[in-house]
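> whatever this is, show me its structure:
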Amino acid sequence: MNAAAPTNALLAPADLPLFDAITPAQVVPAMDTLLADASAALERVTAADFPADWAGIARVLDVATERLGRAWGAISHLNSVADTPELRAAYNEALPKVTEFWTRLGADERLYAQYKAMDPAKLTPEQAQAHKNAMRGFVLGGAELQGAAKERFAAIQERHAELAQKFSENALDATDAFALYVDTAELAGVPDDVQQATAAAAQAEGKTGHKLTLKMPCYLPVMQFAHSSALRQQLYQAYVTRASEQAEGEAVKFDNTAIMGELLALRHEEARLLGHRHFADVSLVPKMAESPEQVMGFLRDLAKKARPYAEQDLADMRSFASEQLGLKDPQPWDWPYIGEKLKEARYAFSEQEVKPYFTAPKVLAGLFQIIETLFEVAIRRDSAPVWHPSVEFYRIERSTPAGVQLVGQFYLDPSARTGKRGGAWMDDVRARWLRPDTGALQTPVAHLVCNFAEGVNGKPPLLTHDDVITLFHEFGHGLHHMLTQVNERDVSGISGVEWDAVELPSQFMENFCWEWDVLKHMTAHVENGEPLPRALYDKMLAAKNFQSGLQTLRQVEFSLFDMLLHSQPEPVTSGPAMLALLQQVRAEVAVLQPPAYSRTANTFSHIFAGGYSAGYYSYKWAEVLSADAYAAFEEAAQAAGRNTLDVETGRRYRQAILEAGGSRPAMESFKAFRGREPSIDALLRHQGMA
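Modelled structure (predicted):
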């Protein structure tokens with residue numbers, strides 16, 4: 001008698017992904033099975049005798065595609081946080097098949113005809129919004145194209161997915177490939193906890209001294225604090241030439257230049273096939289902003305308002321560098337160091353002085369307390385299979401007259417490590433959905449991913465205040481996804497929310513990181529458990545808008561470059577042409593120019609591999625919304641003489657914005673909360689540029 005064949009973890013009927021049991025060998029067979037099931041479901045609902053009925057189609061097609069999407073989501077997630085050569089190979093083998101299916105689904109004229117035949121008046125408001133989005137999606141997905149144009153459109157999608165994945169791999173590999181071994185003397189000025197971590201990294205490889213990498217928890221403090229300008233230069237040059245033809249030695253094989261050019265050409269061709277001028281027009285169809293011209297006007301106006309502050313920031317740094325540091329001609333790798341020293345001198349404040357108070361467990365407990373207070377929920381430890389020992393799993397609950405109700409769950413993966421891509425992000429595991437197959441309510445689950453330094457010598461990890469802001473930011477996205485009360489999958493949580501409004505809840509949460517009544521409860525010194533002293537907080541607050549002019553111009557530079565790159569009459573496909581365009585943007589808005597060898601665009605994953613193409617402006621656009629939304633809490637606090645954790649305002653915000661998800665246009669949700677359209681005043685005030 002044969003032993004039972006081992007089951008494929010990606011096909012197991014589990015409530016949550018079996019992350020600890022998924023193997024690269026399972027990826028392709030599982031995808032083949034799920035793609036076949038989804039294709040069969042598509043054939044069923046597009047058969048001549050299948051009624052054009054929302055619930056009927058959902059029961060067959062949406063159930064099959066959701067199962068496919070969840071499995072592929074688990075694979076993609078592992079590919080981002082636990083990359084191995086075997087997993088990468090399996091992912092890349094399945095990627096074209098998965099892309100082909102989604103492209104085919106979005107362009108299927110039979111399915112489009114089924115949706116066209118539905119009467120939106122007979123749908124619930126949530127279904128009607130999802131239906132409207134679906135109709136728009138069919139047009140953008142090429143459903144109205146015929147013959148050769150349709151075939152070419154599908155080929156573009158497949159090649160685009162392959163190139164975006166390769167761009168990501170090159171950026172990760174170029175970052176992981178760099179290591180610099182130095183002795184302790186060269187790290188003079190670098191904080192102790194960073195030195196301990198770099199020494200431990202060298203020791204783990206059987207080497208003496210310190211191992212420096214281009215991962216943020218190592219790179220940034222070295223740039224800010226190392227007294228050695230030569231060391232800073234070495235690291236800076238390696239960092240800004242990653243994944244480019246300027247990289248040194250072997251690392252040049254990760255050059256992304258040709259990939260970027262081909263991606264831009266494909267996007268332009270796709271836009272033309274769909275009858276648009278360029279890709280920026282296509283990108284903005286489902287967003288709040290009405291045209292690339294409107295976005296560029298908004299960005300240039302913001303640049304004009306920020307420029308005097310940025311020029312003052314730079315003048316202050318130049319005179320300080322010359323008078324106090326003996327740097328008469330500062331170089332690009334000197335600015336982070338000069339900035340840090342000036343901040344210390346001006347405010348008697350350093351990030352490093354604050355860092356020992358922000359131990360990860362205490363910060364997390366403080367964050368949970370804010371969420372629990374403001375949004376009337378409870379966060380509890382939970383258990384689920386995970387991909388790494390440092391990953392934690394939690395549940396969010398609400399007490400109702402009928403008892404405790406599960407609202408959502410999330411994975412938290414905080415630490416930087418090899419094989420994990422940089423940055424921080426929130427991703428959905430599954431959406432809230434009143435399931436059409438079982439009639440049961442499925443609760444939402446999210447991934448919250450950061451790249452913080454790990455604890456050393458048995459002590460908890462220490463976060464910089466910037467790390468704390470990042471954590472709050474990603475949690476804002478998570479809350480948007482998890483606190484939704486919408487039952488229609490395609491418009492619940494973050495689904496269906498305009499891309500340029502999706503940063504509202506994330507940037508909104510960042511504001512609490514500056515409130516004394518909040519901070520004092522989430523700090524405890526790593527050595528003695530003492531909370532952050534008020535005097536130190538006052539210095540931190542005074543330094544809050546330090547160089548906000550320069551930082552605003554930097555974001556405008558990225559955003560304008562992205563929008564111009566995607567709105568040229570002909571695509572920009574060569575490295576020199578991209579550099580020339582970036583130079584043009586810098587000449588217009590920047591006050592600091594990088595060296596000629598800098599190739600920051602070559603790792604600009606947001607726009608080449610992350611869904612922000614012709615959409616990077618969203619951060620600044622949504623910041624106007626988030627600052628204005630937070631102003632409602634400031635107004636309530638002022639009126640009541642209390643802190644900003646106002647439960648009544650929190651409830652209105654939760655109901656108008658978080659619970660509504662994508663079930664209505666973002667502007668309607670904003671107006672439901674604020675009673676009016678957003679104004680830029682709060683943003684300028686928050687950033688000290690009023």
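> identify the bridge partners of the residue nearest to Val391 when sequence neighbours are not counted.
Beyond its immediate neighbours in the sequence, the residue positioned closest to Val391 (C-beta to C-beta, 6 or more residues apart in numbering) is Asp413, lying 4.8 Å away. Using the backbone N, CA and C atoms, a C-beta is placed for each residue, glycine as well. With DSSP bridges as the criterion, Asp413 is bridged to Val449.
> who's in contact with Asp413?
Residues in contact with Asp413 (C-beta atoms under 8 Å, 6 or more residues apart in numbering) are Val81, Trp387, His388, Ser390, Val391, Lys420, His447, Leu448, Val449, Cys450.
> what does Ala629 give?
The contact partners of Ala629, by C-beta under 8 Å, 6+ apart, come to Leu504, Phe508, Tyr653, Ile657, Phe670, Phe673, Arg674.
> what's the burial count for Val28?
Counted with other C-beta atoms under 10 Å, the neighbours of Val28 add up to 15.
> again with the one 10 residues further on
For Ala38, the number of neighbouring residues by other C-beta under 10 Å comes to 23.
> next: Val502.
Val502 is surrounded by 19 other residues when neighbours are defined as other C-beta under 10 Å.
> Tyr619 is in contact with that one, correct?
No. Val502 is not in contact with Tyr619 according to C-beta atoms under 8 Å; the separation is 10.1 Å.
> now do the helices in the stretch 201-350 of the chain.
216-225, 229-240, 257-273, 279-284, 292-324, 335-347 (DSSP state H, counting those that start in this stretch).
> for Leu541, find the nearest of these.
helix 335-347 (9.2 Å; C-beta to C-beta).
> would JSON lines of the helices of the stretch 201-350 of the chain with mean neighbour count, mean pLDDT and distance to His481 be doable?
Listed next are the helices of the stretch 201-350 of the chain as JSON lines, based on neighbours: other C-beta atoms under 10 Å; pLDDT from 0 to 100; distance: least, C-beta to C-beta, whole Å:
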{"stretch": "helix 216-225", "mean neighbour count": "22", "mean pLDDT": "97", "distance to His481": "25"}
{"stretch": "helix 229-240", "mean neighbour count": "19", "mean pLDDT": "98", "distance to His481": "32"}
{"stretch": "helix 257-273", "mean neighbour count": "19", "mean pLDDT": "98", "distance to His481": "27"}
{"stretch": "helix 279-284", "mean neighbour count": "24", "mean pLDDT": "98", "distance to His481": "22"}
{"stretch": "helix 292-324", "mean neighbour count": "17", "mean pLDDT": "97", "distance to His481": "26"}
{"stretch": "helix 335-347", "mean neighbour count": "19", "mean pLDDT": "96", "distance to His481": "34"}
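> and the contacts of Asp413, which two are the farthest apart?
The most widely separated members of these, counting by C-beta to C-beta, are Trp387 and Cys450 (14.8 Å).
> give me every residue that touches Leu564.
By C-beta under 8 Å, 6+ apart, the residues touching Leu564 are Met296, Leu581, Gln584, Val585.
> filter the contacts of Asp413 down to the buried ones, PyMOL style.
The PyMOL command for the buried members of the contacts of Asp413 (criterion: 16 or more other C-beta atoms under 10 Å) is given here:
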select buried, resi 81+387+391+420+447+448+449+450
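> nearest residue to the most centrally placed residue in the chain in space, please, no chain neighbours.
Closest to where the C-alpha atoms of the chain average out (C-alpha atoms, centre = their mean) is Trp425, at 3.9 Å. The shortest distance from Trp425 to any residue other than its chain neighbours is 5.3 Å, reached at Val449 (C-beta to C-beta, 6+ apart).
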